[in-house]
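Novice: Give me the fold of what follows.
(one chain, ligands or ions: 1)
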Amino acid sequence: MKLPLLLAAVALPASAVAHESTTPTMKTYGLVIHGGAGVIQRDQMSAELEAQYRATLAEALQAGYAVLESGGAALDAVLAAVRVMEDSPLFNAGKGAVFNADGICELDASIMNGATLQAGAIAGVRRIRNPLQLAREVMEHSPHVMMIGEGAERFAASRGYEFVENEYFHTDFRRAQLERAKKRETRADQGTSSVPLDLSSPGISDDALHFIREEKYGTVGCVALDQAGNLAAGTSTGGMTNKKFGRVGDVPVIGAGTYANNATCAVSATGWGEYFIRANVAHDISAQMEYAAKDINTAAAYTLAKVAKLGGDGGVIALDHDGNVAMDFNSAGMYRGYMFAGRPVVVAIYGDEPRR
Ligand code: ASP
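Specialist: Here you go, the predicted structure:
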């Protein structure tokens with residue numbers, strides 16, 4: 001399928017596809033992507049920026065779909081789609097990742113193969129251009145599942161990786177975001193914040209809470225189903241702005257930010273990572289399908305309700321072995337989309353656009 005056709009398809013009004021059944025009638029293959037959840041609203045988005053987001057999401061879908069269409073593996077499709085978003089400054093992954101409190105980008109990623117239940121993850125790396133690729137390297141070329149920081153980079157060097165300077169990831173937009181976060185932190189310390197306290201999140205200042213929700217999360221992820229019926233999932237992120245002390249979120253935690261199992265589904269999450277770890281989001285969705293025979297949309301909604309009850313927000317993309325899709329979130333919006341053989345292509349951003 002050529003890109004112009006795809007863009008024409010995504011230009012359909014949301015209502016034209018919103019209630020389309022996602023139950024495929026024949027053996028299908030395809031992928032679902034997200035580019036982060038958060039406070040993403042029409043009135044805060046310029047037409048130009050929105051067009052850039054939609055075009056990059058479409059490009060990522062196209063890259064992953066091309067792999068699947070030619071008979072390639074779900075894992076390769078996940079890598080291809082995520083790479084487009086890691087290389088784009090629009091998303092909080094790879095180039096354009098958020099800054100930690102020291103003004104450095106530290107990247108996390110994980111990948112899982114639904115056919116074998118093999119998984120790989122890296123956390124806190126600073127010089128790897130495409131972190132999801134390194135997570136795959138951990139999965140396929142080491143006896144381990146997760147590697148962190150300097151050790152992960154030494155492993156990368158042993159596998160012949162070329163490094164980029166941390167500056168490669170830096171953008172003015174994220175720098176300004178860090179400065180806003182630091183200002184809010186100072187105001188919160190001085191007790192001058194006017195944002196109401198959310199009691200469901202004890203220990204977090206009201207200003208910090210407001211900031212976290214206000215600034216979209218922006219992690220990227222992909223779940224794919226290939227022609228052989230194999231599922232895979234991958235997620236990549238810079239984490240959360242102003243993170244401190246080697247903080248690691250849900251993204252590299254298998255079962256929290258990423259999970260894939262051919263028997264059930266593939267899941268990639270985005271949102272306030274601490275809550276997603278505590279609710280074990282990605283595996284929780286799979287477990288409901290395995291133990292309670294729930295369908296993917298019911299399972300995803302149930303797990304996100306658990307996250308909300310804890311006080312967290314964000315979203316997931318999930319795909320089952322029959323090609324049924326969930327793109328659910330309890331934040332205002334989530335960059336998302338899917339592309340399947342024989343089905344309309346969907347690229348969506350706002351809360352009133354398709355979620356399945
Ligand atoms: N879940 C990520 C984290 O907590 C953030 C995001 O989704 O953008 O690190």
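Novice: For the rest of this, base every contact and every neighbour count on C-alpha atoms.
Specialist: Noted.
Novice: how about the helices in the stretch 251-356 of the chain?
Specialist: Assigned helices in the stretch 251-356 of the chain, in chain order: 273-278, 281-292, 296-310 (criterion: DSSP state H, counting those that start in this stretch).
Novice: and the ones you listed as CSV, adding distance to the ligand, mean neighbour count and mean pLDDT?
Specialist: Output for those, formatted as CSV (distance: least, Cα to the nearest ligand atom, whole Å; neighbours: other Cα atoms under 10 Å; pLDDT from 0 to 100):
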stretch, distance to the ligand, mean neighbour count, mean pLDDT
helix 273-278, 3, 21, 97
helix 281-292, 11, 21, 98
helix 296-310, 12, 20, 98
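Novice: Nearest to Met240, out of these?
Specialist: If you check each of the helices of the stretch 251-356 of the chain against Met240 by Cα to Cα, helix 273-278 wins as the nearest, at 8.3 Å.
Novice: contact partners of that closest one?
Specialist: By Cα atoms under 8 Å, 6 or more residues apart in numbering, the surrounding residues in contact with helix 273-278 are 249-251, 253, 256-257, 269, 307, 310-313.
Novice: next one: that helix to chain centre, how far?
Specialist: 14 Å (Cα atoms, centre = their mean, to the nearest Å).
Novice: repeat for stretch 71-83
Specialist: With Cα atoms, centre = their mean as the basis, the distance from the averaged C-alpha position of stretch 71-83 to the chain average is 15 Å.
Novice: which parts of it are buried?
Specialist: Neighbour-count burial for stretch 71-83, counted by 16 or more other Cα atoms under 10 Å, picks out 72-83.
Novice: before we move on, what about stretch 260-273?
Specialist: Of the residues in stretch 260-273, those scored as buried under the neighbour-count criterion (16+ other Cα under 10 Å) are 260-262, 264-273.
Novice: filter the contacts of helix 273-278 to the buried ones?
Specialist: Burial by neighbour count, 16+ other Cα under 10 Å: within these this picks out 249-251, 253, 256-257, 269, 307, 312-313.
Novice: picking that back up, which of the buried residues of stretch 260-273 fall in strands?
Specialist: The subset of the buried residues of stretch 260-273 located in strands under the criterion DSSP state E comprises 260, 265-271.
Novice: ok, and which of those residues reach the ligand?
Specialist: Contacts with the ligand within these, counted by Cα under 6 Å from any ligand atom: 270-271.
Novice: Widest-spaced pair of the ones in strands among the buried residues of stretch 260-273?
Specialist: Taking Cα to Cα, the two most distant members of those are Cys265 and Gly271; they sit 19.6 Å apart.
Novice: residues in the stretch 151-300 of the chain within reach of the ligand, list them.
Specialist: Remark: the part of the stretch 151-300 of the chain in contact with the ligand comprises 217-219, 239-240, 249-251, 270-273, using Cα under 6 Å from any ligand atom.
Novice: List the buried residues in the longest helix along the chain.
Specialist: With DSSP state H applied, the helix covering the greatest number of residues in the chain is identified as helix 47-69. With burial defined by 16+ other Cα under 10 Å, the residues of helix 47-69 counted as buried are 53-69.
Novice: Can you pull the phi and psi angles for Gly124?
Specialist: For Gly124, the backbone dihedrals are phi 60, psi 30 (criterion: degrees, to the nearest 10).
Novice: does it really touch Ala109, like I thought?
Specialist: No. Applying Cα atoms under 8 Å, one finds Gly124 not in contact with Ala109, separated by 9.1 Å.
Novice: mind listing the strands in the stretch 151-300 of the chain by residue range?
Specialist: With DSSP state E, counting those that start in this stretch as the criterion, the stretch 151-300 of the chain has strands at 220-225, 231-237, 258-260, 265-271.
Novice: Format the ones you listed as JSON lines; extra columns: mean pLDDT.
Specialist: Converted to JSON lines, the strands of the stretch 151-300 of the chain look like this (pLDDT from 0 to 100):
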{"stretch": "strand 220-225", "mean pLDDT": "98"}
{"stretch": "strand 231-237", "mean pLDDT": "98"}
{"stretch": "strand 258-260", "mean pLDDT": "98"}
{"stretch": "strand 265-271", "mean pLDDT": "97"}
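Novice: Include distance to Ala115 when you put those strands into CSV, please.
Specialist: As requested, those are arranged in CSV below (distance: least, Cα to Cα, whole Å):
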stretch, distance to Ala115
strand 220-225, 11
strand 231-237, 7
strand 258-260, 8
strand 265-271, 11
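Novice: Quick one: closest of those to Glu162.
Specialist: When those are ranked by proximity to Glu162, the top entry is strand 231-237, at 18.6 Å, counting by Cα to Cα.
Novice: what lines up beside that closest one in the sheet?
Specialist: Partner strands and pairing direction for strand 231-237 (DSSP bridges) are strand 107-113 (antiparallel), strand 220-225 (antiparallel).
Novice: ok and the shortest one relative to strand 265-271, angle-wise?
Specialist: In other words, strand 220-225. An angle of 170 degrees separates the directions of strand 220-225 and strand 265-271 when computed by axes from the mean of the first three to the mean of the last three Cα atoms, to 10 degrees.
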